[in-house]
Each structure stands twice: as structure tokens, then as C-alpha cells.
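J.: Predicted structure and sequence below. I'll ask about it afterward.
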Amino acid sequence: MVLRSLPNGDYFKTKKGEFEKLCSLQCTLDEVCDWFGVEDDTLNSWCKKTYGETFSVVFKKKRGKGQISLRRIQWRLAEHNPSMAIWLGKQYLGQRDSVEQVENKENIQIVNDVPKSKSV
């Protein structure tokens, strides 16, 4: 656990693991700040001190675990959900819906038997 003194005398308490879990859940900077009860500049300073990089750089690196988890869930869903299987096929296998239009002009019949309206 890291304790960092804030200007008002409180301490910014965080665990790297907890911070990284929030990143893996795709939490925004504002959401992470709200979670820990700090301002964005405080969180950015903590990131620089802890990781040597800003929040946005750390976030890009740490969100990968969340993306992997989500992908794993999607693959499991595809085993039982045809819509998910089709979507994954379109995303990763280049599959697409094929709409076939056939035009048959031989059987077209023009009908011109619209009754004429009576004049008023």
C-alpha cells in the first residue's frame, strides 16, 4: 500500500493491484480519481512516481488484461450464442453477410387497368 500526503493533510491510499484492476476494467481517469477520492493531478503524480509514466501511458499498458478477459468471455458466449459467433466471425475471420439479388425480367407484366376517376 502506498500512502501519499495530500495538501489537506489526508493520505492518498492505493494498492498497485487495485489501481491496475481499475485500468483492466477500462475505468477512465475521472472514475479512478473518484474511486480513490483524489484529483487527476494527484493520480498522475502517483503514476509518475510509481511507474515512471503518466496515467494515460500506464492505462494503455494495463488495460490489456481487461481486453483479454472480455475476449475470453465473448469466445465462451459464442459456443452457445449464434449471434456472438457470427459477430466474432465477421470481426476476426473476415466473414460477412452476403445479400444476393436476382433480377428476372422475363416474367414482368405491366398492368394498366387503373379506373379513371369521375370528374366533379
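T.: Ah, there it is.
J.: switch to C-alpha atoms for all contacts and neighbour counts from now on
T.: Fine.
J.: nearest residue to the residue most central in space within the chain other than its sequence neighbours?
T.: The structure's the chain has its C-alpha centroid closest to Q26; by CA atoms, centre = their mean the separation is 8.1 Å. Nearest residue to Q26 in three dimensions, chain neighbours excluded: R63, at 6.1 Å (CA to CA, 6 or more residues apart in numbering).
J.: I figured the one you found hits F19, correct?
T.: No - counting by CA atoms under 8 Å, R63 stays clear of F19, with 10.8 Å between them.
J.: three-state assignment of E103?
T.: Recorded secondary structure, E103: coil (DSSP: H, G, I helix; E, B strand; the rest coil).
J.: so who does G89 touch?
T.: Q95, R96 (CA atoms under 8 Å, 6 or more residues apart in numbering).
J.: can you check the one 5 residues further on too?
T.: For G94, the contact set (CA under 8 Å, 6+ apart) is empty.
J.: tell me the mean pLDDT over the helix ranked longest in the chain?
T.: Using DSSP state H, we find that the single longest helix of the chain is helix 64-78. Mean per-residue pLDDT for helix 64-78: 88.
J.: do stretch 41-55 as well
T.: The average pLDDT within stretch 41-55 is 91.
J.: Quick one: the strands in this protein, in order.
T.: Here the chain has its strands, by DSSP state E, at 2-5, 11-14.
J.: Could you tell me the least trusted of those?
T.: Looking at these, the weakest mean confidence is strand 2-5, a mean of 50.
J.: Mind jotting down where the helices sit in this structure?
T.: Going by DSSP H, the chain shows helices at 16-24, 29-36, 40-51, 55-62, 64-78, 82-92.
J.: other SSEs contacting the first one?
T.: This points to helix 16-24. With contacts taken as 3 or more CA pairs under 8 Å, 6 or more residues apart in numbering; DSSP states H and E, helix 16-24 sits against helix 55-62, helix 64-78.
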